[in-house]
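Engineer: what's the 3D shape of this:
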Amino acid sequence: MVFCQQCPDQDDSSEEDTMEVYSPPTLQSLAIQRLLREEALAISALKDLPNRLLPVIFEEAFIAGHTKILTAMIPVWPFPYLSVGMMIKNLNLDSLKAVLEGLDLLISRKVCSSRCKLREINWMDMYHEVSGIWAGYNENEGLAEFTTQKQPVETCPDCGMKKDLNVITRLQLREGRFDETNTYLLKWAQQRKDSFHLCCRMLEIWGLSEAADIEVFKIVHANCIQVLRLKYVFLEDLAMLNPYLRQMNNLFTLMLDGIKRRRRMGNFGKLNQQNVITWISRLPTFYCLQELCINNVFFISLKELLRCLKNPLEILYMANCPLSQSDLDYLPYCLNIFELRCLTLINVNLCYSLLEPLGFLLERVRHTLECLELKSCHMGESQFNALLPALSQCSCLTEVNFYDNELSLLFLKQLLYHRAKLSQLTDEMYPAPLACYDNGDVILTHRLEKFCPELLDILKAKRQPKEVIFATMQCSK
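Structural biologist: Now for the predicted structure:
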């Protein structure tokens, strides 16, 4: 257990001594570092080095900024794919230029090697294997065996692009501007569009600018976009995106974040609702959408938005948004969410809502729902009571999070008793009972220490829990 240092009844004996463990570098690591210090030697040795070493050398050269070595590695890259996603935090303009210069050498055949099998570079900001190989790589298989297999050139569905090389990236447009690395990449790709296909899998737009949006869609193929995030955008400006939304036939994730409207005189609330319904009614049908995320949008008609879906949604995420009773009443009857795998509601005030419809929805998705988060929803015992029968039937749940809701010790025990029957749970997060606080909402840690083993025993009576956390609300100090 970890407690706030300023809370009463703190037991100093709970502190554990920690010791830093030093692991000396391996001989391979020392050899690679020495090789990189000798730039000319490293470049000349690339063609003779084992395939297994090249991803490690590329990573070290990227992080340390050895741009000439990066350029020389591209034309001799012995794998079909190269992912730079894990090193994106070290990305700067010089590193980007170095890799793109290597691609120029490769496509111009100024440096030609029969060893090179590169077809795709991935600039996405996400985790990939340290080897730099993905989409089929298995650590138990030999790299040489993998790289000799004939791999089809991956093309974006329906975009009609079939090039020798694909460059996959994510782009962020802020107030009509890209940062210097994205600006350089876009200009480079535009000049070489006959040889390379720039595939933007994720597009973030922070504040709409009609001129900039039109310009970016001249370079980026809307069919390539799988994730679209709209942030700090005025509702009145969203209509200008509709022509491009209709082309996003492969859109899997739509994120609406901080959507607002310009203040005007008159009935502000009424105008909001009218404008929202008007905008949603003009949206195209989303044929592939699997994930809908709504954050910091204080006027939204979830019911109308769900009607834009063609296929069942897998993930529904709402945070810092109101959820009307009308929307709640609609959920059990919406065919587009009957295959939900994850339902997340964070800081969505359900204190005064009738939650029986949400319970009916949970019953309908009991065979598919794996993750359920009802965090900071101001829920009390009456709200949870409406959900308990359905929660007991969700046998596929692996993760639940009920943090920051107000439950008595007696009711929390009842909730855990229902949870104890669900054997698939691996991550469980519950609010500490109200009995852990004094009248001033100060956490009494000795009570929490006393209750935790008692609460865990309820789960252990039915199964062996994996990870269970009881969390207090934010300390008043």
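Engineer: Just the terminal-to-terminal distance for stretch 298-314.
Structural biologist: With CA to CA, to the nearest Å as the measure, stretch 298-314 spans 23 Å from end to end.
Engineer: Now do it: distance to the chain's middle.
Structural biologist: Remark: stretch 298-314 is offset 20 Å from the chain centroid, using CA atoms, centre = their mean, to the nearest Å.
Engineer: what do you get for stretch 201-215?
Structural biologist: 20 Å.
Engineer: May I see the buried residues of that stretch?
Structural biologist: Arg201, Met202, Leu203, Glu204, Ile205, Trp206, Gly207, Leu208, Ser209, Ala212, Asp213 (16 or more other CB atoms under 10 Å). Any C-beta I mention is one placed from the backbone N, CA and C, and that applies to glycine too.
Engineer: mean confidence score for it?
Structural biologist: Averaged across stretch 201-215, pLDDT comes to 83.
Engineer: again with stretch 230-247
Structural biologist: 87.
Engineer: Also stretch 470-477?
Structural biologist: Averaged over stretch 470-477, pLDDT sits at 71.
Engineer: Same question for stretch 451-459.
Structural biologist: pLDDT averaged over stretch 451-459 gives 93.
Engineer: tell me which residues of the helix or strand where Ser382 lies are tucked away?
Structural biologist: Ser382 is part of helix 381-391, with elements assigned from DSSP states H and E. By neighbour count on 16+ other CB under 10 Å, the buried set for helix 381-391 is Glu381, Gln383, Phe384, Ala386, Leu387, Leu388, Ala390, Leu391.
Engineer: Same question for stretch 291-303.
Structural biologist: Glu291, Leu292, Cys293, Ile294, Asn295, Val297, Phe299, Ile300, Ser301, Leu302, Lys303.
Engineer: Kindly report the same for stretch 171-185.
Structural biologist: In stretch 171-185, counting by 16+ other CB under 10 Å, buried: Leu171, Gln172, Leu173, Gly176, Phe178, Thr181, Asn182, Leu185.
Engineer: what about the third one, is that helix, strand or coil?
Structural biologist: Read that as Leu173. At Leu173, secondary structure determined by DSSP: H, G, I helix; E, B strand; the rest coil is strand.
Engineer: contacting residues around it?
Structural biologist: Taking CB atoms under 8 Å, 6 or more residues apart in numbering, we find Leu173 in contact with Leu203, Glu204, Ile205, Trp206, Ser209, Ala212, Asp213, Val216.
Engineer: how close does it sit to Ile107?
Structural biologist: For Leu173, the distance to Ile107 (CB to CB, to the nearest Å) stands at 27 Å.
Engineer: Which residue ranges of the stretch 251-400 of the chain form helices?
Structural biologist: 268-281, 302-306, 325-330, 356-364, 381-391 (DSSP state H, counting those that start in this stretch).
Engineer: which of the residues in the third one are buried?
Structural biologist: Of the residues in helix 325-330, those with enough neighbours to count as buried (16+ other CB under 10 Å) are Asp327, Leu328, Asp329, Tyr330.
Engineer: I figured the third one hits Glu356, correct?
Structural biologist: Same thing as Asp329. No - taking CB atoms under 8 Å as the definition, Asp329 is not a contact partner of Glu356, at 9.2 Å.
Engineer: thinking again about what came up before, pick out whichever of the buried residues of stretch 171-185 sits closest to Leu407.
Structural biologist: Nearest to Leu407 among those: Gln172, at 40.6 Å, using CB to CB.
Engineer: measure the closest one to Asp179 for me?
Structural biologist: 7 Å.
Engineer: Below-threshold pLDDT in this structure: ranges please.
Structural biologist: 1-22, 86, 110-112, 125-162, 263-275, 474-477 (pLDDT under 70).
Engineer: Looking at the buried residues of stretch 201-215, which are in strands?
Structural biologist: Arg201, Met202, Leu203, Glu204, Ile205, Trp206 (DSSP state E).
Engineer: Angles on the backbone of Phe196, please.
Structural biologist: With angles defined as degrees, to the nearest 10, Phe196 sits at phi -120, psi 150.
Engineer: Skipping adjacent residues, who's closest to it in space?
Structural biologist: Spatial nearest neighbour of Phe196, chain neighbours left out: Leu165 (5.2 Å); criterion: CB to CB, 6 or more residues apart in numbering.
Engineer: Pro322 too?
Structural biologist: Pro322 sits nearest to Phe298 (CB to CB, 6+ apart), 6.4 Å away.
Engineer: these two touch, right, that neighbour and Cys321?
Structural biologist: Yes - Phe298 is within contact range of Cys321, at 6.8 Å (criterion: CB under 8 Å).
Engineer: Strands of the stretch 51-200 of the chain, residue ranges please.
Structural biologist: Per DSSP state E, counting those that start in this stretch, the stretch 51-200 of the chain carries strands over the ranges 81-83, 120-122, 165-174, 196-206.
Engineer: what's near enough to touch Trp331?
Structural biologist: Rather than Trp, residue 331 is Leu. Contacts of Leu331 (CB under 8 Å, 6+ apart): Ile337, Pro357, Leu358, Phe360, Leu361.
Engineer: Next one: it from Thr285, what distance?
Structural biologist: 20 Å.
Engineer: Trp188 now?
Structural biologist: As judged by CB to CB, Trp188 and Thr285 stand 35 Å apart.
Engineer: again, but for Ile277
Structural biologist: Taking CB to CB, one finds Ile277 at 17 Å from Thr285.
Engineer: and if you look at Phe79?
Structural biologist: 39 Å.
Engineer: Mind checking which of those two has more residues around it?
Structural biologist: Comparing Phe79 with Thr285 by other CB atoms under 10 Å, the one with more neighbours is Phe79, at 23 against 12.
Engineer: For Asp438, state which of the buried residues of helix 381-391 is nearest.
Structural biologist: When the buried residues of helix 381-391 are compared against Asp438 (criterion: CB to CB), the nearest one is Glu381, at 20.6 Å.
Engineer: Help me confirm that the closest one comes into contact with Leu407.
Structural biologist: Yes - counting by CB under 8 Å, Leu407 is a contact partner of Glu381 at 6.4 Å.
Engineer: hang on, the earlier thing: list the helices and strands the helix holding Ser382 packs on?
Structural biologist: helix 356-364, helix 409-419 (3 or more CB pairs under 8 Å, 6 or more residues apart in numbering; DSSP states H and E).
Engineer: hmm, try it at 10 Å
Structural biologist: helix 356-364, strand 371-375, helix 409-419 (3 or more CB pairs under 10 Å, 6 or more residues apart in numbering; DSSP states H and E).
Engineer: and of these, who's closest to Asn51?
Structural biologist: Between those, strand 371-375 lies closest to Asn51; by CB to CB that is 38.9 Å.
Engineer: And that closest one, what's buried?
Structural biologist: In strand 371-375, counting by 16+ other CB under 10 Å, buried: Cys371, Leu372, Glu373, Leu374, Lys375.
Engineer: and if you look at stretch 280-293?
Structural biologist: The neighbour-count check on stretch 280-293 (16+ other CB under 10 Å) flags Ile280, Leu283, Pro284, Phe286, Leu289, Gln290, Glu291, Leu292, Cys293 as buried.
Engineer: I'd like the distance between the fifth one and Leu283.
Structural biologist: Using CB to CB, one gets 11 Å for the distance from Leu289 to Leu283.
Engineer: shared neighbours, the two?
Structural biologist: Counting by CB atoms under 10 Å, 6 or more residues apart in numbering, the shared contacts of Leu289 and Leu283 are Leu254, Cys308.
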